[in-house]
Every structure is written in C-alpha cells, then in structure tokens.
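J.: Have a look at this prediction, sequence included:
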Amino acid sequence: MLQLTVTHFGFSPVKGARHTAHTRAERGPGGIIFNRRWGLVLPQAGKVARSVAYPKLVQVENSVSECGHGTLLEVRIPGKGSFTLEPLSKGEVRTFDFWGQPKRLSLYDHPVNRALSDFLHEQVVLAYALDPLIFGAPLSLVGSATLEELGRRVEPPSNHETGVVSVDAARLRCNLVVQTDEPFIEDTWAGQQVQLHVLAHREGKPVPGDLDGVKLTLGEPIGRCAVIDTNPVSGVRDMKLLKNLAGYRPRNQRGEPVAGVYANFNET
C-alpha cells in the first residue's frame, strides 16, 4: 500500500471563508466533522452562496473550538467584529440548491447575519448544514510537487517581487497536501488505497497526529474553477492560474482543467 507523508491539513468550517491549517482531524461518517459545515445562503434565491461569487469572503476568519457546552464556531469579520455561535440543528430548516444538489440547512437568527450582509453588500444568512457543503468527495488531496509546478508555470502577479510564485493548499482549498517528487503524480492514483503518515515533528507546519496510519481511497481528479485565481487571504484576483492550468492540463467531463484528486476515508 502506498504510504503518503502529510505536510498540510486544513479546511474552512464556513464554506468560502478563510482556509486554515488545523492540528486536529475529527472524523465522522461524512468525513471531517466540521469541514464546510456552515455556509451562507441567499434566502430569496433559494441557493447556497457560491464562493466564486463572493471572493471577499476569504477575509473572514473562522474556527471551531470545544468548551464545556460543546463545539463553538467563531467568525471574525473585518471591521464588523467577532461572533461566537453553536452548531444549529434545531432551528428553521430549509432546503437550498447547492450546485444542483438539494441541501438542508438550519438558519441562524443572529446579529452575525447583518454583519456578513454589510461586509459583502448582499443579504445573506449564516446557516448550519445538516450535511456538509462539499462536492465530489469528503476530502481533497494534492501533491507538494504539483503545487510547486503550478507556481513555476503561472505568470507572477504584476506586484510580485520575484519570479517564483507560491501556490498553496489554501488557494486550491485542498484538505491534504502530501509529499511528492513528481508533479501531478496523484492523477495516477485513482482507485488506489493509500495510508497517511505524519511526521512526529514538522517544524512550523503542525499536522494532526490522528491522521497517522489513516487509510484513504483516492478518486478522480478535481475540476478547477475561477476561485483559484483569487488570493486566499485578500480575495483579490491576483493571478490567471485557471487560464494557465487550462493550457496544459487534462479536462474533466465538464471541461474544467484538473489539479489534485478527491479522496474518501476507508470504512473501519
């Protein structure tokens, strides 16, 4: 069985908000328990807000923590303050469209809605998804050599000081980065079972120890959209990564150039 060393693990509790590294990887039947478990909805349109339409949302920091009452979500909105909320499974539940899939979400009646709406200049409501707002598979994985190759090939932003561009997991919203020597080698792993390995000490890059020994089944390559053109911290479109990717990478059935692969936890 192929052994893969994990160099990054991260996710966004709120879909479309800031992707950050995490030191714990709590798993449930649907994958990582709080991965994209919250999202913004457009009540009048009946849809979950799409990340590509609200790139500024990546400026919103979001994290989960445990307290005596259970899990808490903290949302920090630039210029609007911080808000702490509990998972909401007993509020008003409505069904919203999520890329053609019906998703049931429980809507918050909370001051965070006005803060988010003012920040995005659009009426939105924060909601707790009874099923995670994920597409394709519970996990996404990319090789470190692939990220390096993406940075090597793309044209640097106009304000970039050097000729080397850094493309990281946050830009691609990938949960797992694994150490590789060959760009896009993960394309060839579809259908394979792999086992994750976590180094005991990784300076400056904490990775959850509970991922060590975990087995995954890898799936199809991930089709990419214009989200990858935006800076994962500022939300500003700062490079033409999608256009560059389309020039040399295979495409999926929807015509999207691919980078990284989907993955599922093996049942134990």
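T.: Done, it's in.
J.: Dump the C-alpha coordinates for stretch 242-262 into CSV.
T.: The C-alpha coordinates for stretch 242-262 follow below in CSV (Å, rounded to 0.1, in the frame of the first residue of the first chain):
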residue,chain,number,x,y,z
LEU,A,242,-7.1,28.9,-14.2
LYS,A,243,-6.2,30.1,-17.7
ASN,A,244,-2.7,28.9,-17.3
LEU,A,245,-3.9,25.5,-16.0
ALA,A,246,-6.2,25.1,-18.9
GLY,A,247,-3.3,25.4,-21.3
TYR,A,248,-1.6,22.2,-20.4
ARG,A,249,-3.7,20.1,-18.1
PRO,A,250,-6.4,17.5,-18.9
ARG,A,251,-10.0,18.4,-18.5
ASN,A,252,-12.9,16.6,-16.9
GLN,A,253,-16.3,15.9,-18.5
ARG,A,254,-17.4,19.5,-17.6
GLY,A,255,-14.5,21.0,-19.4
GLU,A,256,-12.6,22.1,-16.3
PRO,A,257,-8.8,21.7,-16.1
VAL,A,258,-7.9,19.3,-13.2
ALA,A,259,-5.5,19.5,-10.3
GLY,A,260,-5.5,17.4,-7.2
VAL,A,261,-7.8,14.4,-6.5
TYR,A,262,-10.8,13.6,-4.4
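J.: Show me how far it is from its chain's centre.
T.: Computed by CA atoms, centre = their mean, to the nearest Å, the chain-centroid distance of stretch 242-262 equals 18 Å.
J.: Name the residues that touch that stretch?
T.: Applying CB atoms under 8 Å, 6 or more residues apart in numbering, the contact partners of stretch 242-262 are 136-137, 139-142, 146, 150, 153-155, 172, 174, 184, 186-187, 189-190, 218-226, 228-229. For every residue, glycine as well, the C-beta is placed using N, CA and C.
J.: Out of the residues you listed, which sit inside strands?
T.: L139, S140, L141, V142, L218, G219, E220, P221, I222, G223 (DSSP state E).
J.: The last one: neighbour count?
T.: I take that to be G223. Using other CB atoms under 10 Å, G223 has 17 other residues around it.
J.: quick one: pLDDT of it?
T.: On pLDDT, G223 comes in at 96.
J.: before we move on, back to that, just the buried ones from the contacts of stretch 242-262?
T.: Buried by 16 or more other CB atoms under 10 Å: 136-137, 139-142, 146, 150, 153-154, 172, 174, 184, 186-187, 189, 218-219, 221-224, 228-229, out of the contacts of stretch 242-262.
J.: follow-up on the earlier one: and which of the ones in strands among the contacts of stretch 242-262 is nearest to L40?
T.: Of all the ones in strands among the contacts of stretch 242-262, L40 sits closest to S140, with 20.6 Å by CB to CB.
J.: Thanks a lot, catch you later.
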